[in-house]
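Asks: Quick one, what's the 3D model for this:
(chains A, B, C and D)
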There are 4 protein chains.
Amino acid sequence: MGGNTFGTMFRVTTFGESHGPAVGVVVDGCPPRLPITIAEIQRELDRRRPGQSAITTQRRELDEVEILSGVHEGLTLGTPISMLVRNSDTRGGDYEEMRTKFRPSHADFTYKTKYGIRAWQGGGRASARETVGRVAAGVLARKALAAAGAIDIVAWVQRVQDLEVEIDAATVARDAVEANIVRCPDAATATRMIALIDEARKAGDSLGGVVEAVARGVPVGLGEPVFDKLEADLAKAMLSLPAAKGFEIGSGFAGTRLRGSEHNDPFYDGGGRVRTRGNRSGGVQGGISNGEDIVIRVAFKPTATILREQQTVDEDGHDTTLKARGRHDPCVLPRAVPIVEAMLALVLADHFLRQRGQCGS
Amino acid sequence: MGGNTFGTMFRVTTFGESHGPAVGVVVDGCPPRLPITIAEIQRELDRRRPGQSAITTQRRELDEVEILSGVHEGLTLGTPISMLVRNSDTRGGDYEEMRTKFRPSHADFTYKTKYGIRAWQGGGRASARETVGRVAAGVLARKALAAAGAIDIVAWVQRVQDLEVEIDAATVARDAVEANIVRCPDAATATRMIALIDEARKAGDSLGGVVEAVARGVPVGLGEPVFDKLEADLAKAMLSLPAAKGFEIGSGFAGTRLRGSEHNDPFYDGGGRVRTRGNRSGGVQGGISNGEDIVIRVAFKPTATILREQQTVDEDGHDTTLKARGRHDPCVLPRAVPIVEAMLALVLADHFLRQRGQCGS
Amino acid sequence: MGGNTFGTMFRVTTFGESHGPAVGVVVDGCPPRLPITIAEIQRELDRRRPGQSAITTQRRELDEVEILSGVHEGLTLGTPISMLVRNSDTRGGDYEEMRTKFRPSHADFTYKTKYGIRAWQGGGRASARETVGRVAAGVLARKALAAAGAIDIVAWVQRVQDLEVEIDAATVARDAVEANIVRCPDAATATRMIALIDEARKAGDSLGGVVEAVARGVPVGLGEPVFDKLEADLAKAMLSLPAAKGFEIGSGFAGTRLRGSEHNDPFYDGGGRVRTRGNRSGGVQGGISNGEDIVIRVAFKPTATILREQQTVDEDGHDTTLKARGRHDPCVLPRAVPIVEAMLALVLADHFLRQRGQCGS
Amino acid sequence: MGGNTFGTMFRVTTFGESHGPAVGVVVDGCPPRLPITIAEIQRELDRRRPGQSAITTQRRELDEVEILSGVHEGLTLGTPISMLVRNSDTRGGDYEEMRTKFRPSHADFTYKTKYGIRAWQGGGRASARETVGRVAAGVLARKALAAAGAIDIVAWVQRVQDLEVEIDAATVARDAVEANIVRCPDAATATRMIALIDEARKAGDSLGGVVEAVARGVPVGLGEPVFDKLEADLAKAMLSLPAAKGFEIGSGFAGTRLRGSEHNDPFYDGGGRVRTRGNRSGGVQGGISNGEDIVIRVAFKPTATILREQQTVDEDGHDTTLKARGRHDPCVLPRAVPIVEAMLALVLADHFLRQRGQCGS
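Replies: Residues are numbered from 1 along each chain as shown, chains lettered A, B, ... in the order given. The predicted structure follows:
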């Protein structure tokens, strides 16, 4: 069984290799009669696309999306929505050396061993290029969520290496995030992050960090215990992203240092609706959204492909060295922001439809 | 769609409420002709069961398991294996106050709002009692994995609040873990952890911490990109556990502070098989196992149910206070160890069967 | 992947072998707050149970059902509902000869070859005894359907061998079906059918025939093209029943002899709702219910186990003969009636929840 | 949940509307390293395409397929294979009247009511044009089946209206089927069928009939009881086809007129492998293939769209009449032949991978 479908009610299937003809997605289960335009999808793809700034890969892809099915006169039909982006700037030649050598901490070795074959140019299926389809689908997910209320989803770069911004998830605005190329909502920190990434880029090295995300306005009741708890599906969604190594919700790892009496979020009468003081739960209790902000964090490792000589082996298993060429992100975090938002939207849309199906609202 | 099934090829469906007649599991897709005994399953359930030591809940459940189907003369049939544990020590009376009041940071409020009804005694479906079925299924998963090689799965308590053990995942032995009631493989640290938990228990409070786990001997090739990457399904498995708030694989959050040149795991010729120096990848690259140890960590928050008065609301949404009675774990970590092992086994077994199905080995 | 789960939103997983400890079912995704009693489930199981009349198997099973989870104070919780029936009258000895010999046209040979092992007593998992769980789940499915309107599901024996009743599906009443032991709503035909079956029983032989079923009051809109069309899932549901060899909806095979101009069902204004004249579509158009009666027919072959000597092979593949003992239905049709109804209810309930999830009503 | 994915291990997701930009398919779970060429896929699409002969619709579509992903240097990668066919000859104008009127026995009314919107040109998603993706996927399914042995799949037109060919499924050759435009392997009957269809076409009317299919060389063991029995998934596959109204396996409906002693297929020692005399089982026993030929039949109703005036209603529910224009098949059977073969291949491939996954061979 291939693992290229995500979701149960709102089902997203992506396809495509980095240097093949195209990447794309089929969304099945999207509610009908949602208004959707190419421009709305393109706007999100532009946030994800390579070459958008000095601190991302310089691969030049316009990532122009085409809708092949499922939309009629600007409205979704309730049938599968297929969207396609052609790969254009595919300099396979940059990868010639990787044809026979495995990049350390990349997917070359495992793909080759698992499948007995691999598309060696640019990472093939393991390339972050695959997330084009996720981002396109995420736009539809947000549309589907409109029926659940005014849900606001924002992600941002919370940390690059050791450079961290402490900011209140409750109030981060999309505009502040988009105001700079690193997508950190604090301008001063952003400037320092950009300098840090630029320095790593020049050194042929790479950096990791943390993306934080919030969903505000989520209704109570999303999440399907015991296995499809909301945080479980969020964790899966985020760990399915290239370079992701960790996931937290609410108080996360830090919260484990508190005592129960400190950690619990007391309920109170919020004037017609039950609220909590504090949000260490991160908006989810018992696997089900509780109406508070959903707050998550995702750890992204430093990009595996670096422009320095590294020890590795070739396809015959013999020791060798590799110095990658090609165009790579020195830090995936700025481009990961719209992708994390998309995955968050996909999980919420899927659980909203599930909840509506089983419980009727 | 209910969310009570985990896995695709090796499918586990659990059922049961804390104070209902029984908890149990159906395992569908288990390979045929595996030898299995009641004693093997009981041994694992005994590691999970309440009342096993002074630092766990004193609810007295023998958790005696019965196999209802799928096994014939000591061998699995290839048909669904259903296993049942009756609830016996169900003092619903301890929960009388919770009939109308929501415990802070517990699932009472969200279940009631989602379903419009809840089994208020002891957490109902949200109780950790549900994990009985997971542990029983985990025994079968380990059996199924035998065809993939000699895979060794061990988990342990790595941290309680701020009390941490630094230990090499590559060499932790099950015996050392089981040598004490807190399940920390370092005896000295274990003693201090036990004292810490006991102190919290006496104070009517609770503690959280981290469980670490390793799977040794996993073959290369398990994991189904792009959504069902091995780490994605592991993250989902772990975040589906009661009280889990975070997940890491390999270098995790700490690894994001390194540069790519420091973080990458160089490949080398390991004498007929490709190995890596270092294991920041945690045994998974590009979503697929690479043959190195799989190493993960799970954050568990302090138990929500504490024996102190807390601010909360009642079912009408009015402010009130609650002082829980009942028998609760002051720290879930010691009993979480066999559960984390079971989930790890379930994920590996599922991916082993998927790999064998698609790729033929 | 085991194949023991049916449905996507309303998911039914059955377990159990004919001569193992028990048979049962887990229903996941059942809407919450549905009133349900043991008596309601027992009533349907009694319609299915062996030994209910002179023309069914004489195995004496009371088939007393126990609810293990998912119901609280008479209402469904929205959590998995597990139901159990112990096997009591298990005379394994009757099957001693079948330990080493394969019954012709039964599942003995294929199970043994597929799994390398089989529960040889009474057919094991291939026994119709497995349908206990389906019938129990069907009661819940009917409850879940109540939110879709007053849907009336009735099945009956339409033909035994060549003895056929022509009756208007639109008006068949459950009472008329239950008025006789063969479950044919026409009393005169029923009497002749009973005599025919009794004659076959005395001859140690068996008979087949056709069960017809109708669902009245189904709303427009159930069915999920293109693969999960309503008739596709109905066909799968029915062909998953023991002894089923064919399925038709509406005009079925006979309708293929008409011209389009004769076959089409003209629409007309039915006074505020669109109706069709004629119902050759059988209540489904383009895979989606159209509001007319859903009418299907299922072909059941004559029972494979007969009490006559037959040519066969043993487990070593050598020619031999077998004369079955044991207690068997000379004709499965009377007991198939409640099972077909249950499967019809399961399909409709699943599609109702899917439609509500995706389209919001 | 949308219903546009078929299969569990070998998963096929189709997309596209009749008059939208394109139709296509994503195949996920296809084994790696299978050789595949555009020409092989095109050959099957040409068997399905419109305008191929005087007795099919005259819509002119070359149906040129493009592979977008999952294939590298002529071999499958183990990643999703996406294939696309652009719609070119889309004369939406022919359907202007259907913009507001529902064609009798077509999907116009149900789609509109279910989704609240419909792509009214040419049937939109309900058009048989959707099967392009199925046929393309079927080619890959046959490739995947090669690892299971030399499996030979052939379908043919067995009956048009009352004109029937009696032919031995064991020996029908693909060449004989392809020797004439109606795809009936008996030349004389074919000539009469062609005349019959041509006469109906001239009368603006349509005809139905039966397609029969055989799979030879299927190994023992495919099929996953109790719900995913081989015949159950075959029934679903076939009833998911446009215009399908019935399904039979082996003796089917006719077999219900026999007694068990006549109907059973005796086993015999076939020289190292167990065989049956007779094949009323149709190659499946207890839901699992038994090594004999799998033989099925599918009933297709006469095409709903006819060029005669019919009674119907408009979108406001008012009585009106409709006389369809456009280009339609007077009989779907000749073009259904490759589609039935594709679905048969898809079911077998899926079950082969499932069997290999669970049972290891």
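
Asks: use CA for all of it now, contacts and neighbours both
Replies: Fine.

Asks: Can you check which helix is longest in chain A?
Replies: Identified as the longest helix of chain A according to DSSP state H is helix A:333-359.

Asks: gap between that one and the chain center?
Replies: 10 Å (Cα atoms, centre = their mean, to the nearest Å).

Asks: how close does whatever residue of chain A ends up closest to chain C get to chain D?
Replies: With Cα to the nearest Cα, the shortest gap between chain A and chain C falls at A:Gly357, namely 3.6 Å. The gap separating A:Gly357 from chain D is 9 Å, by Cα to the nearest Cα, to the nearest Å.

Asks: ok, now A:Gly78?
Replies: 6 Å.

Asks: Which strands and helices lie in contact with the helix or strand harbouring A:Val295?
Replies: A:Val295 belongs to strand A:294-300 when assigned by DSSP states H and E. Helices and strands touching strand A:294-300, by 3 or more Cα pairs under 8 Å, 6 or more residues apart in numbering or on different chains; DSSP states H and E, are strand A:209-216, strand A:244-249, helix B:252-255.

Asks: Adjacent strands (with direction) for the helix or strand that that strand is followed by?
Replies: Scanning forward in sequence from strand A:294-300 by DSSP H and E, the next helix or strand is strand A:309-313. Strands that pair with strand A:309-313, judged by DSSP bridges, come out as strand A:319-323 (antiparallel).

Asks: Distance from the chain centre to the strand it pairs with, please.
Replies: Taking mean C-alpha positions (Cα atoms, centre = their mean), strand A:319-323 and its chain are 31 Å apart.

Asks: ranges for the strands of the stretch 101-250 of chain A?
Replies: A:152-160, A:163-164, A:209-216, A:244-249 (DSSP state E, counting those that start in this stretch).

Asks: Over to A:Ile55: give its phi and psi.
Replies: Here is the backbone geometry of A:Ile55 (degrees, to the nearest 10): phi -100, psi 10.

Asks: Oh, that last question was meant for A:Val85, not what I typed.
Replies: phi -130, psi 120.

Asks: How much space separates it from chain D?
Replies: Applying Cα to the nearest Cα, the value for A:Val85 to chain D is 10 Å.

Asks: which residues touch the closest residue to that residue other than its chain neighbours?
Replies: What sits nearest to A:Val85 in space, not counting adjacent residues and going by Cα to Cα, 6 or more residues apart in numbering or on different chains, is A:Val65, at 4.8 Å. Going by Cα atoms under 8 Å, 6 or more residues apart in numbering or on different chains, A:Val65 touches A:38, A:41-42, A:83-86.

Asks: Low-confidence ranges, the stretch 201-350 of chain A, go.
Replies: Within the stretch 201-350 of chain A, not a single segment meets pLDDT under 70.

Asks: how about the residues of the stretch 1-150 of chain A near chain D?
Replies: For the stretch 1-150 of chain A, the residues in contact with chain D (Cα under 8 Å from any Cα of the partner chain) are A:1-4, A:8-11, A:14-17, A:20-23, A:26, A:28-30, A:32-33, A:67-70, A:72, A:77-82, A:115-119, A:125.

Asks: Can you flag the buried ones in these?
Replies: Taking 16 or more other Cα atoms under 10 Å in any protein chain shown as the criterion, what is buried in the residues of the stretch 1-150 of chain A next to chain D is A:1-4, A:8-11, A:14-17, A:20-23, A:26, A:28-30, A:32-33, A:67-70, A:72, A:77-82, A:115, A:117-119, A:125.

Asks: which ones among those residues come in contact with chain B?
Replies: Subset of these in contact with chain B: A:1-4, A:115, A:125, counting by Cα under 8 Å from any Cα.

Asks: Which ones among those residues map onto helices?
Replies: In helices, defined here by DSSP H, the members of those are A:Tyr115.

Asks: farthest pair in the ones next to chain B among the buried ones among the residues of the stretch 1-150 of chain A next to chain D?
Replies: Maximum pairwise distance in those, criterion Cα to Cα, is 16.0 Å, between A:Met1 and A:Arg125.

Asks: ok, and of the residues of the stretch 1-150 of chain A next to chain D, which contact chain C?
Replies: Restricting the residues of the stretch 1-150 of chain A next to chain D to those near chain C - Cα under 8 Å from any Cα - leaves A:9, A:29-30, A:32.

Asks: I'd like the residues you listed written out as JSON lines, with secondary structure, distance to A:Glu164 and pLDDT added.
Replies: Shown next, in JSON lines, are those (DSSP: H, G, I helix; E, B strand; the rest coil; distance: Cα to Cα, whole Å; pLDDT from 0 to 100):
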{"residue": "A:Met9", "secondary structure": "coil", "distance to A:Glu164": "37", "pLDDT": "98"}
{"residue": "A:Gly29", "secondary structure": "coil", "distance to A:Glu164": "39", "pLDDT": "98"}
{"residue": "A:Cys30", "secondary structure": "coil", "distance to A:Glu164": "37", "pLDDT": "98"}
{"residue": "A:Pro32", "secondary structure": "coil", "distance to A:Glu164": "42", "pLDDT": "98"}
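
Asks: Just the closest of these to C:Leu344, please.
Replies: Using Cα to Cα, A:Met9 is the member of those that lies nearest C:Leu344, at 22.0 Å.

Asks: Quick check, that closest one in contact with D:Met1.
Replies: Yes - the pair A:Met9 / D:Met1 is scored as a contact, 3.8 Å apart, by Cα atoms under 8 Å.

Asks: which neighbours do the two share?
Replies: A:28-29, C:354, C:357-358.

Asks: dump the residue contacts of the closest residue in space to A:Tyr111 that isn't next to it in sequence.
Replies: Using Cα to Cα, 6+ apart and skipping the chain neighbours, the partner closest in space to A:Tyr111 is A:Arg118 (6.2 Å). For A:Arg118, the contacting residues are A:108, A:111-112, A:124, D:72, D:77, by Cα under 8 Å, 6+ apart.

Asks: Show me the residues you listed that map onto helices.
Replies: A:108, A:111-112.

Asks: so can I have TSV of those showing neighbour count and distance to C:Pro302?
Replies: Shown next, in TSV, are the ones in helices among the contacts of A:Arg118 (neighbours: other Cα atoms under 10 Å in any protein chain shown; distance: Cα to Cα, whole Å):
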residue	neighbour count	distance to C:Pro302
A:Asp108	27	57
A:Tyr111	30	51
A:Lys112	17	52
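
Asks: Would you mind listing what in the stretch 1-150 of chain A touches chain B?
Replies: So far as Cα under 8 Å from any Cα goes, the stretch 1-150 of chain A lies against chain B at A:1-6, A:104-107, A:109-111, A:113-115, A:125-126.

Asks: mind redoing it with 10 Å?
Replies: Residues of the stretch 1-150 of chain A that fall close to chain B, judged by Cα under 10 Å from any Cα of the partner chain: A:1-9, A:12-15, A:102-116, A:123, A:125-127, A:130-131.

Asks: related to what we said a few turns ago, for the residue of chain A closest to chain C, list the residues it contacts.
Replies: A:9, A:351, B:1, C:9-10, C:29, C:31, C:350-361, D:1 (Cα atoms under 10 Å, 6 or more residues apart in numbering or on different chains).

Asks: and what of A:Arg257?
Replies: By Cα under 10 Å, 6+ apart, the neighbours of A:Arg257 are A:251, A:263, B:159-163, B:207-210, B:299-302.

Asks: at 8 Å instead, please
Replies: Contacts of A:Arg257 (Cα under 8 Å, 6+ apart): B:160-162, B:207-209.

Asks: For the buried ones among those residues, write the corresponding ChimeraX selection.
Replies: The following ChimeraX line selects those of the contacts of A:Arg257 that are buried, judged by 16+ other Cα under 10 Å:
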select /B:160,161,207,208,209
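
Asks: Low-confidence regions, the stretch 51-200 of chain A specifically.
Replies: A:90, A:92.

Asks: can we see that at 90?
Replies: A:51, A:54-61, A:88-99, A:120-123, A:166 (pLDDT under 90).

Asks: Quick check: A:Ala136 touching A:Glu44?
Replies: Yes - in this structure A:Ala136 lies within contact range of A:Glu44 using Cα under 8 Å: 7.1 Å.

Asks: more neighbours, those two?
Replies: The neighbour comparison of A:Ala136 against A:Glu44 (other Cα atoms under 10 Å in any protein chain shown) goes to A:Ala136, with 28 against 18.
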